[in-house]
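[1] I'd like to go over a predicted model; first the sequence, then the structure.
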Amino acid sequence: MSISELLSELRFRLRALLSRGTMERELDAELRFHLEQETAKYMGQGMSRDAARRQAQLAFGGMNRIKDDTRDARGTAFVDEFLQDVRYAVRGLRARPGFTAGVIVTLGLGIGVNAAMFGVLDRLLLRSPDYLVDPTRVHRVYIGWTDPGQTRTRHERGLAYLTYRDLSQWSSVFDATAGFNYRQVAIGTGEDVHRGVVTTVTASFFDFFNARPVRGRFFTAADDSPSRPTSVAVLAYGYWQSRYAGRSDVIGTSIKIDRASYTVIGVAPKNFDGISDLQTPVAFVPVSAFAPTMDLDYTSNYGWSWLEMLVRRKPGVTVEAATADLTNAYQRSWNAELAKSPGELQPLNVAHPIAIAGHLSLGRGPHAGPEARVVVWMSGVAVMVLLIACANVANLLLVRSLRRRREIALRSALGGTRGRLVQQLLTETLVLSTLGGIAGLAAAQWGGGALRRVFLTSRDGSSVVADPRTLAFALVATLTAALVAGVLPALQSAKTNMADALKAGARESAYAHSRARSALLVMQAALSVVLLLAAGLFVRSLRAVQAIRLGYDVNPLVVVDVNGRDTKIARGDLEPLVHRLLIELRATPGVVNATQAVTVPFYSSEGRSLRVPGVDSVRKLGRFTLQIASPEYFATIGTRLLRGRGITSDDRAGAPQVAVVSEAMANALWPGRDAIGQCIQVSEGSESMPCRTVIGVADNIKTRSLIGDPEFHYYLPAAQFPAPPSLLVRVDGEGADHAETIRRRLQSLMPGSAYVVAIPMTRILEPQLRSWQYGATMFVAFGLLALVLAAIGLYAIVAFAVTQRTHELGLRIALGAEVDDILRLVIGEGLGVTLIGVAIGFGVALTVGSRLSPLLYKVTARDPLTYVFVGGILALVAIVASAVPATKAARVDPNVALRVEG
Amino acid sequence: MTDERLDLPQGTLDLLILKALSLEPQHGWAISERIHQVSRATLQIPQGSLYPALHRLERRGWIKAEWGASDNNRRAKYYELTRSGRKQLELETESWRRLTTAVSLVLDMG
């Protein structure tokens, strides 16, 4: 076919498609004209008008047949058929709103859950950063070594600047390397000071991206030279928009970031986050400008491991080769470090240092948090939910096709080919899935926001519908669902033997296809069981974790951290400052109590070397954590005193030195003896270590790990032990509601560029609970969803079976069956199918359950209680779902039933 | 008259339509009449196939259609040969000739 023919063909088909109405009218007119001409011809031969017309029509044949053939010749018949099928399907679906709604809701939930889960999974694990060039060749570098006495390799990704430089210059298979680091720091000055993520990068970092600044420029190697650092910053687009309202004159202005001021030289393009692991940065600053504000010697020693490294393999270099090359360079660097500071490092043959070209995404590297694992699990679960939904829909369709057997038989009797029938039925499923898909997107949009807030805490929850990748995924899920759910019922229907169907009505052979339906029900029940088991295990873990006694209160606490930044607060000024802050706090409405504290659970901890008369090698007993406390400490944090007294205002600087110890510490140091009155000696840096008399024993508290062994804590009066100023505040109500007020009031008292942060304790503790919370919430939600779907499916099937068996049941009743017998019969069948499913589900769970163990706490993956409970729930649901139609069946009037012809 | 009619061999309908249109644009009825007359009433285009064929040819771009007034001043759809249609006509005529010659040769042998 020539090009011109091809074009003409396309034009014609397009016209045929787009102006179908016109073409139909024209065809009509054309054929009518023909008939009239023909009639006129016969009349010319002397026939009467009527006879002539009859003759003409006879010669012409069936008008509709010709039209059909002509449409076929246009090459658009398939579209016509499809549209016809769609219209037909919509008509059929509107006639059965209950069925239609059931299917749409079922599919909508299945697809919605998947779309939402995909959105999260994509962000967390799959999607590479925006603007990144050739992401498959880009790696994050991990270093690892073996500690003495350990067999496992410890992985780190923070490198000293020197290590980064060594790896860059001694490796040879990369065409680009860069260092980067992002951290929460203070930004701005005065009242307006706020915390934000700042990304510190080497100039080469920008070479990894195909991004152009929207204003100004990025910094270059000339700006980023350790010998002549320039304090410049490139603002992130979002920050530029929100803080500077997108003003162009921002270039050249100054911004205070952490301890230094930077001149703004550019603005990064929209969504350019660099590599920030889902955190949205405020600005990008050069390593050479930022590093000296933290450590003046960063170019000459290996002490400060802070910089992450990014590498891009040269084309053709394998990942293994890259890792080997990096390891080689790292071992050389290790020796260089060893030469510089002997004694701090183990030799190569002990430490076995390695460097790995790892995956860019943290969730797929050695430092994957439990969240990433939970998300992968949940995605699998989402797919299971979709499968359950498909099984449900397939079941509903099967039932529907049985109800339509007569119609289908009639259609095939009238000449509908089997292919055409299947096509029609599949179209119906496709219409249903499309509606389900739309419902799903709506569900994902609504539920996805919640999911994103749970899993992508620091990321703005951009809309599901606005994300093309999620949309594409939803489309694929919809089509797959249509195929999975639709094919079996469509084939089944088309197989209908028309003679039997027309003859017998719907009654006979009603059970012919019940094996397929039962199998689907069994599968649904099994999947629900697996999900509910997981839900049960997670809920029990979460409850176990939540039941852990922390030994202090969480909700009413706010942690206040004082940060000097580049303002040096002299030692002598510190105490008066803390004093002023405490006075201000106590005057703040809503504040109940405030205290000094150096150790804040899960936030900061202090330790000093400790000596206890009569106890050898105190260190061997474990780690002892120091708390420096005001007299209000115990009342503020809520830790109970078990024996003796707490710290009072009488424990002044000159007064006898005292200490409070935790119960675990007392038991460890003085087993079987009273701790009160004992002496502990705490190093203050000077030689003298005066005896501090234990005056009280406090309850144990957890500050490092929720699930670890009891920790050792001791408390010294703030007046007797100088300490950096951190404060704990107890408010009336929720700490989160007061944090900002507290911050504003205290900030006004801060000297120079020093600033305070106020963090609700709940936010500090949250990450500790997160993975269990995720698991519990998600599995419960999905498990219940699956259960509801399975219940709907079971109900629909039993209800259908009952109608199909009206005749038989009527007969039984006529023959003397009691109501109970009928109930037992119907419910028994529903229950039987479900229990087979439960058994299979148990089997699956027992087999794969052990893989869930690392995510659980104090519950084994084979927890019998959970199994019994879940089995019970399913049995109960099965009984209820079958009981409703069963009662209906039992009320059947035999007189009516026996006359029913289905 | 039915006795003298011949069934159209497969594939010749397109050729006949193209030929009928080679002199001047015609509407559908006129095409079938013309073929009927020129073939001295031997060839009768099955009317059920005429319009599908016309639409097929139009799709191929060998003919194009336009609405115009008929002899008795009625609106009728006129079909006209396009340039590529004319080329196609030549091609098909040529291959038809070759075919018939070949067939006669075979039929005439010994």
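    Perfect, thanks for sending it.
[2] now stretch A:232-239: average pLDDT?
    On average, the pLDDT along stretch A:232-239 is 94.
[3] mind listing the strands for chain B?
    Under the criterion DSSP state E, chain B contains strands at B:26-27, B:63-69, B:75-81.
[4] deepest-packed of the ones you listed, please.
    strand B:26-27 (a mean of 22; mean count of other CB atoms under 10 Å in any protein chain shown). Quick note: C-beta positions are derived from backbone N, CA and C, even for glycine.
[5] helices or strands up against that strand?
    helix A:20-44, strand B:75-81 (3 or more CB pairs under 8 Å, 6 or more residues apart in numbering or on different chains; DSSP states H and E).
[6] partner strands of it, parallel or antiparallel?
    When sheet partners are counted by DSSP bridges, strand B:26-27 sits next to strand B:75-81 (antiparallel).
[7] if we can go back for a sec, A:Asp616: which of the strands of chain B is closest?
    Among the strands of chain B, the nearest to A:Asp616 by CB to CB is strand B:63-69 (107.5 Å).
[8] which residues does the closest one contact?
    Contact with strand B:63-69 is made by A:26, B:17-18, B:21, B:25, B:54, B:57-58, B:75-82, B:85, as judged by CB atoms under 8 Å, 6 or more residues apart in numbering or on different chains.
[9] okay, strands next: where are they in the stretch 51-200 of chain A?
    Along the stretch 51-200 of chain A, counting by DSSP state E, counting those that start in this stretch, strands occupy A:138-146, A:153-156, A:159-160, A:174-187, A:194-201.
[10] quick one: the ones you listed as CSV, columns for mean pLDDT and distance to A:Gln279 too.
    Shown next, in CSV, are the strands of the stretch 51-200 of chain A (pLDDT from 0 to 100; distance: least, CB to CB, whole Å):
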stretch, mean pLDDT, distance to A:Gln279
strand A:138-146, 92, 15
strand A:153-156, 82, 19
strand A:159-160, 92, 20
strand A:174-187, 92, 6
strand A:194-201, 91, 5
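[11] any chance of a markdown table for those strands, columns distance to chain B and mean neighbour count?
    Listed next are the strands of the stretch 51-200 of chain A as a markdown table, based on distance: least, CB to the nearest CB, whole Å; neighbours: other CB atoms under 10 Å in any protein chain shown:
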| stretch | distance to chain B | mean neighbour count |
| --- | --- | --- |
| strand A:138-146 | 52 | 22 |
| strand A:153-156 | 66 | 14 |
| strand A:159-160 | 68 | 23 |
| strand A:174-187 | 53 | 20 |
| strand A:194-201 | 60 | 22 |
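[12] ok, which of the ones you listed comes nearest A:Pro767?
    Per CB to CB, nearest to A:Pro767 of the strands of the stretch 51-200 of chain A: strand A:174-187, 14.0 Å.
[13] export that closest one as PDB, just CAs?
    Output in PDB follows, covering the C-alpha atoms of strand A:174-187 (Å, rounded to 0.1, in the frame of the first residue of the first chain):
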ATOM      1  CA  PHE A 174      33.300   6.300  37.600                       C
ATOM      2  CA  ASP A 175      32.700   9.300  35.400                       C
ATOM      3  CA  ALA A 176      31.400  11.400  38.200                       C
ATOM      4  CA  THR A 177      31.500  11.400  42.100                       C
ATOM      5  CA  ALA A 178      30.000  13.800  44.500                       C
ATOM      6  CA  GLY A 179      29.600  14.300  48.200                       C
ATOM      7  CA  PHE A 180      26.400  15.400  49.800                       C
ATOM      8  CA  ASN A 181      24.800  15.700  53.200                       C
ATOM      9  CA  TYR A 182      21.500  17.000  54.400                       C
ATOM     10  CA  ARG A 183      20.700  18.000  57.900                       C
ATOM     11  CA  GLN A 184      18.100  19.900  59.900                       C
ATOM     12  CA  VAL A 185      19.500  23.200  60.900                       C
ATOM     13  CA  ALA A 186      18.300  26.600  62.000                       C
ATOM     14  CA  ILE A 187      17.500  29.100  59.200                       C
END
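[14] and that strand, how far out from the chain's middle?
    Offset of strand A:174-187 from its chain centre (CA atoms, centre = their mean, to the nearest Å): 25 Å.
[15] may I have stretch A:14-29 as CSV, with CA atoms only?
    Taking C-alpha atoms only, stretch A:14-29 is exported to CSV below (Å, rounded to 0.1, in the frame of the first residue of the first chain):
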residue,chain,number,x,y,z
LEU,A,14,-11.2,8.8,10.8
ARG,A,15,-14.2,10.4,9.1
ALA,A,16,-16.1,7.2,9.4
LEU,A,17,-15.4,7.2,13.1
LEU,A,18,-15.8,10.8,13.9
SER,A,19,-18.9,11.6,11.8
ARG,A,20,-20.7,8.3,12.0
GLY,A,21,-24.1,10.0,12.2
THR,A,22,-23.5,11.9,8.9
MET,A,23,-22.2,8.8,7.2
GLU,A,24,-25.2,6.8,8.2
ARG,A,25,-27.6,9.5,7.0
GLU,A,26,-25.7,9.7,3.7
LEU,A,27,-25.7,6.0,3.2
ASP,A,28,-29.5,6.0,3.8
ALA,A,29,-30.1,8.8,1.3
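[16] ok, it near chain B or not?
    Yes. Using CB under 8 Å from any CB of the partner chain, stretch A:14-29 reaches chain B at A:26-27, A:29.
[17] which one of these sits closest to A:Gln150?
    Using CB to CB, those come closest to A:Gln150 at A:Leu27, 84.5 Å.
[18] show me what contacts that closest one?
    A:67, A:70, B:51.
[19] make it 6 Å
    A:Thr70 (CB atoms under 6 Å, 6 or more residues apart in numbering or on different chains).
[20] do A:Leu716 as well
    A:628, A:659 are the contacts of A:Leu716 under CB under 6 Å, 6+ apart.
[21] how close does it get to chain B?
    95 Å (CB to the nearest CB, to the nearest Å).
[22] check A:Phe869 too.
    From A:Phe869 to chain B the distance is 67 Å (CB to the nearest CB).
[23] measure that residue to A:Arg540 for me?
    Separation of A:Phe869 from A:Arg540 (CB to CB, to the nearest Å) stands at 10 Å.
[24] these two: which is more packed in?
    A:Arg540 (20 against 15; other CB atoms under 10 Å in any protein chain shown).
[25] what does chain A put close to chain B?
    A:4-5, A:8-9, A:12, A:30, A:33-34, A:37, A:59-61, A:66, A:69-70, A:73-74 (CB under 6 Å from any CB of the partner chain).
[26] next, whatever residue of the stretch 551-700 of chain A ends up closest to chain B: phi, psi?
    Residue of the stretch 551-700 of chain A nearest chain B, by CB to the nearest CB: A:Phe602 (74.3 Å). With angles defined as degrees, to the nearest 10, A:Phe602 sits at phi 60, psi 20.
[27] low-confidence bits of chain B, can you list those?
    For chain B, the stretches with pLDDT under 70 are B:1-10, B:110.
[28] can you give me the neighbour number for the spatially closest residue to A:Pro656 that is not a sequence neighbour?
    Spatial nearest neighbour of A:Pro656, chain neighbours left out: A:Thr693 (6.6 Å); criterion: CB to CB, 6 or more residues apart in numbering or on different chains. Neighbour count for A:Thr693, taken as other CB under 10 Å: 14.
[29] burial check on A:Arg862, number of neighbours?
    Neighbours around A:Arg862, by other CB under 10 Å: 15.
[30] and it, helix, strand or coil?
    coil (DSSP: H, G, I helix; E, B strand; the rest coil).
[31] would you check how far apart it and A:Leu121 are?
    28 Å.
[32] pretty sure A:Glu684 belongs to a helix, no?
    No. Counting by three-state DSSP, A:Glu684 is not found in a helix; it is coil.
[33] burial measure for it, as a count.
    12.
[34] next: the one 10 residues further on.
    By the other CB under 10 Å criterion, the neighbourhood of A:Val694 contains 25 residues.
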